[in-house]
Structure formats: structure tokens, C-alpha cells
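**Student:** The sequence isn't on hand, but the structure is:
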């Protein structure tokens, strides 16, 4: 059995010698010439894409030679070979969904024009109603229904039927007439024309109800066939029918008001919240498509950027020449990829015809730059591949940043204005160049922004639908009450009963109604966030996942927990929207050594400014260092204020920038150096600050202690000086032969002898706590006596009694 030359169990890897195409020189034990097809595999060199440009210096989009396989690229040999069975598909369609001859005729008449369409709608029933009219005129002129000639009843029914479609035509034409007449005055009325267009059905019903009501009583009570005694008199059934028509009109007006409120909120909300955002996104996509078109002209597809082009076109990782992971390259994925290619070819063939007719290059053209850009932005991987392809196409070899000069050089002088617009859309930090990371970040942001806008619009649409359902239910309840009240003779009793029921229900649904109203104001009036926004609530970081009418689903940034909070609760909290914020700044407080000089602080600011200029893509060159406190005269408190180039919506990017700043700050503080509070000094016991003792004679120690005691007592407020003999005797009696022999448990007195002391000392003459016990007790007694007198005097009255005449005598 022939072993593989690359098998690790044999001779290891054996190089293939290509001396001749048909004969391979192998070592003994290798493959024979008859097994040449096993290893004679053509190898295609794949050039790795580093973070430097692929464009050669001076190369423009008009100087690259077109490759032979430009139209098909690597897909030329991967197109499916099986022929489609058109006959089988055609037979199957004829059996299941084919139209008959009459159905085809009806479909053509229906879609021929609006006149034929409405004629098909109106004429059948109109002709049916015309038959009784003709019968009442010619065959039965005296036939009556409910005391009214049959002619006038069916004439009214004919008016009701025709007025429905006339009202619908008027409602359909009203938005165009409104925009044509009022649009001359103000161009901002387009949104109101959209509101009128959305109210086509309610307006039709209101017009229908008005026409039916206005034509009923005149035809029933004032037609020329009525005798003079019954002319203008309303019969009982006519009165009830008239009340029903009035109720229908009121209900139609209520429904129109409800739909008008919902549509005004919807159109105004979408226009206020999403118009600018969608417009900005479309402009950025247009600029990106222009750059992609130039990139394809400079480097045709599947030549230099085969891997990126395959990801952009397919989103599948079946890249020829690159080994795939297990399970990723399956026959079904390859088959689906080839089907997509054939579909694009067929669609582009029809698109060429549409381009000639309309002049728009993007119609039915899946290979246009704009269409390819839109498709690439649907997925994150294809968006990153698109960014890498565009960036590497414009950046010269050996360079690591895209500049405006590169765009102008490639696109030429005739497209200089477009080059400037495209570059300004990419250079969001205005530092003059765009790195590969910035380019990828820009395209991924467009991808995420499109997804967030679509999801946010869907969520808001669901919320508006929920609000519409709530209002429709309220309108339905009012409509039922209107019909009930209209048929009652005693309206006051009915209204009193209905009012009682509503008051009872108000106690039940008061909290729910308050929650709905608060949520509507929070969502449609305030609207502090959209789906995908980074918000801070109660010092916690969240990402908005879903918005509903009554609640919002949030995801915490720190632990990915999903949190659901009612909107009426959020309405009472302070929300900080990080995504909607501009360039943000951060303040950092640090404590430094108290001996830090002003020059050191200025040096710190200078070094931080240099760091900000070196990292101008992440930080603005605007940094402040401020001394905000000195604490307890033991340290200086500095506050550093740094400004980021963007907000903190991207948590990973913010943490990367902050880590870089912190490490640079630590390095700068060490280099100056600036020490922490209490730091920088030599520790006690080290060589710079040794610890040692000095021997003092006993008499000097005694004198020093006595002098310090006298000085301490002299600072007391009650010290009168002069009499310190007792204290001297105390030290002489209590001290030993050396200073070290002092009794540490004795506490020196803090009061001088009282001048009122007249009692002799105790017999043993000992002193406790630095003074004679007898003198101390005597002084305490005197102090207590004085305190008692003061206390008694403070509790006695101060008013003097009046002196009587007898006392004066």
C-alpha cells in the first residue's frame, strides 16, 4: 500500500520537486508516476492582508489592467451545470395556480386603470338597485314600502351605495390636492399629506355617513309623491332610522378623531426621531458606495482581495485556496452560493434594460456599488471585509493611515469634491487621517445603526399599534353608548346610569389609566432613548433591548442581566443617554505628596498633553490639571480632566482608552517623580534614616522633666504661679535614682494648688495624682458649694415685688 509522503508515521514531509510537469522525483518509498494526480495539485499563492495598504505608490483607478476573469472571477468554474427543468415547473404552475381565461380578463380590466377598477366595484350592485327603480317607475308606480313610494327608497339606497365610492375617491385625491395647494406656501406640509393619506378609510366613512344622513329625510318626507297632509311629517321608523344614521355619523367622526390622533403622533414621532438619523446613515452609505466603486475599478473583484470579495458577495466562508474549519464548507453551502451568483447574473441582465429606461444605475442591478454596499452592511463580517477592502485599496504600500491626499490622488481632480465629502464622513475625530481600526469601526457602526433603527422603528410601531388598540376600544365603548342613548326616549336616565357605571369603573381602572397615560407621554413626547442606546439609570449601565408601550426591556452592561422596567417608573427617574451624547470627558481625582511643587504639576500636565497628541484618535488635546484640596495639610488632591474623542457607547473602546490613559499616567508620575502621600521619604531604620539612642545623665533627665512639667502647668487657665514646692517634693519623693526608674503608672496632676486651701495635709504627707488628697477634697467641696448656689439662684424669680405704703412708712 502506497503511503502518503506527508504522513507523520513514515518519513515526514517530502518536498515535491517540479523538474518536469509529468515526472516527479520522489525519494524511495514515495509515489510512482502513475499516482502523480494525487499530489500534482496547483498551488495558488495567497497574499496576506496586513494593516498596510495594497495600492502601489502613484497608482490610480485608471491604470490597473483589467483581468480576464473580471466578469466571472473565481466563480467562473463554480457555476452550476445542471439544467433547470422548465417544462416540469410550468406544468406544475398550470395545475395549481394558473388563472382561467375569464380570470385573466377580469385581472386585466381590474388593473387597467382606476376608472375601470371602480367601475367593476360600483356597477354590479348599482345595476341591481336600478332594477327596483325601473320597476317602480314603469311596472308598479304605486308600490310603497313603509308608507313611502318604492322609487324613493331605492333611490336613497342608490345614493348610499354610490356616495361610498365617491367619498373614497375624494379621500384618495385629497392628499394630492392638499399638497399641491398648501405646498406652495410651506414645504413642510408633506407630513400632513401623509396623515391625510393614512386617513383615507375614516374620511370615506365620514363622507358616506354625511351623504346618507343628509339624503334620508328629504327623500322620505319631502318627495313630490307625498300628499300635502303627510308632507314633512316623520314616521316612527323614519325617526329611528334617522337616529341610527346620526349614531353612525357620530361613530365615524369619533373613529376619524382617534385615527387622526394616532397618525399625527406616529408621523410627528417618526419625523422627529428618525428622519435625521436615517438621512445621515444614507449619506454615509452613499459615500461608502462611492469609495467601493473606485476600489473595484482600482482592484477588480477576486484579484487582490479575493477573501474580502467572497465574504462581501456571499457571506459564506468558502474561499478557494484557504482551509476551512470542519463543517463550514458543505456541498449545500457551495450550491446555494452558486445559485446566488446565477440569480445576480439574471437580475443584472434585466437591470441593464431598466437603466436605459430610467437612467438610474441602481435599479435591478445587484452588482452596483450601492447595492453591494447595502448588502454588505447587513452582516458584521461582510461590513468588516468591505472596510478592509476599501482602506487597503486607497492606502499606499508601507503606509498605515488613509489621508485626504490619498483619496484625491486615486479619484482624480474631477472627483475632488466627492473625495473631500467621503473623507470627512470617515474622519469622525478630525485628526487628518483614518486608520484601519477606525475604518472598520465606521462600517460596523453603520451596520449596527441600520439594525438599531429598523428594530427601534418596529418597536415603536408596535407601541403605536398598542396605543391604537386602546383608543379603539375606548371609541367602541363610546359608540355603543351613543347607539344606546340615541334609541332611548329618556336620555337623562340613560346618561345617569352610564355615568354611574363609568364612575365605578374609574376606581377599578384608575391605576391602569394613569400608567397608560404616563407611558404615552414618556414614550411619544419625551422619548429619551431608542433601541440599542447605552443609558445610565441609578448609576447602573444599561443597553436598550426592546421598547413597548408600557415597559422597556434593558440589558445590564456589567452582568448581561435582562431587566424589565415600566415606563411610568422610568418617567420619574433621571436617565443619562450615552449614545446621544457627544464627545465626553472624564475626571480623575488623585492624592499626591504634600511637598509636590507647582513645577511638578505643570510637568505632569505637559506630559499628559504630549500623550493626548500622540493618541489624537482617542483623546482631544485639551487636558486640565487642578489642585482641588489640601486635606488636613498632609496631602494635595489633584483632579485630572481628560476629553475623549467620542462618547462611551462602545464599552470595549472606552475601557481600552481608559486603560491606556491610566498606564501612561502611572509612567508619567514615576518619571517626574510625584509621590503618594507619605511616600518618597526614606523609611525609619534604612541607611538614609538610621535609628539610634542617646544616653542622658539622671540629674539632667530630672531637670528636663521638671522644667517641662512647670511649662505645661503654666499654660493652664487656672495657674497662678509661684507655688511649685509641693510639686518639687513630689518628684523628689516619687523618683528613683535614675530617670528610667520613674513609675509610669503615676499621673501628673493638671491643676495647681488652690489658694483657698487652709487645711493641713494628711499625716503621712503622701500625694495622689500629683496633689494633696486633703487639699483636693477641700477644693472640690468649695466648687460644689458654688455650683449649688448658682443652681439655686438660676431657679429663683428675678422680678422685684412692689413696695407697699406701710413699708415706706
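**Tutor:** Yep, it's here. Fair warning: this is a prediction, and the values are worked out from it, not measured in the lab.

**Student:** Can you identify each of the strands in the stretch 451-600 of the chain by residue range?
**Tutor:** 534-537, 540-547, 551-556, 562-566, 575-577, 585-593 (DSSP state E, counting those that start in this stretch).

**Student:** Kindly report the same for the stretch 601-750 of the chain.
**Tutor:** Using DSSP E, counting those that start in this stretch, the strands found in the stretch 601-750 of the chain span residues 624-629, 635-643.

**Student:** can I get those strands in TSV with distance to residue 531 and mean neighbour count?
**Tutor:** (Glycine included, C-beta is placed from N, CA and C.) Formatted as TSV, the strands of the stretch 601-750 of the chain follow (distance: least, Cβ to Cβ, whole Å; neighbours: other Cβ atoms under 10 Å):
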stretch	distance to residue 531	mean neighbour count
strand 624-629	36	13
strand 635-643	28	17
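
**Student:** could these be laid out in CSV, adding distance to residue 173 and mean pLDDT?
**Tutor:** Below are the strands of the stretch 601-750 of the chain laid out as CSV (distance: least, Cβ to Cβ, whole Å; pLDDT from 0 to 100):
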stretch, distance to residue 173, mean pLDDT
strand 624-629, 64, 92
strand 635-643, 56, 92
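
**Student:** and of the ones you listed, who's closest to residue 236?
**Tutor:** With Cβ to Cβ, the closest approach to residue 236 among the strands of the stretch 601-750 of the chain belongs to strand 635-643: 82.4 Å.

**Student:** quick revisit: please convert the strands of the stretch 451-600 of the chain to a markdown table, extending it with distance to residue 457.
**Tutor:** Listed next are the strands of the stretch 451-600 of the chain as a markdown table, based on distance: least, Cβ to Cβ, whole Å:
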| stretch | distance to residue 457 |
| --- | --- |
| strand 534-537 | 19 |
| strand 540-547 | 10 |
| strand 551-556 | 16 |
| strand 562-566 | 21 |
| strand 575-577 | 18 |
| strand 585-593 | 32 |
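
**Student:** For residue 585, which of the strands of the stretch 601-750 of the chain is the nearest?
**Tutor:** Closest of those to residue 585 is strand 635-643, at 4.4 Å (criterion: Cβ to Cβ).

**Student:** Pull the residues that contact that closest one.
**Tutor:** 583-594, 596, 601, 604, 608, 612, 619-620, 622-631, 661, 665, 677-678 (Cβ atoms under 8 Å, 6 or more residues apart in numbering).

**Student:** swap in stretch 488-502?
**Tutor:** So stretch 488-502 is in contact with 481, 484-485, going by Cβ under 8 Å, 6+ apart.

**Student:** Just name the closest of those to residue 671, please.
**Tutor:** Closest approach between the contacts of stretch 488-502 and residue 671, by Cβ to Cβ: residue 481, at 81.9 Å.

**Student:** ok, now how distant is the closest one from residue 251?
**Tutor:** From residue 481 across to residue 251, the span is 10 Å (Cβ to Cβ, to the nearest Å).

**Student:** ok, now residue 604?
**Tutor:** Residue 604 is 75 Å from residue 251, by Cβ to Cβ.

**Student:** who has more neighbours, these two?
**Tutor:** residue 604 (23 against 20; other Cβ atoms under 10 Å).

**Student:** So that one sits against residue 625, correct?
**Tutor:** Yes - the criterion here is Cβ atoms under 8 Å, and residue 604 meets it with residue 625 at 5.9 Å.

**Student:** what does the model give the residue nearest to residue 522 when sequence neighbours are not counted for pLDDT?
**Tutor:** The shortest distance from residue 522 to any non-neighbouring residue, by Cβ to Cβ, 6 or more residues apart in numbering, is to residue 571 (4.2 Å). Residue 571 is assigned a predicted lDDT (pLDDT) of 90.
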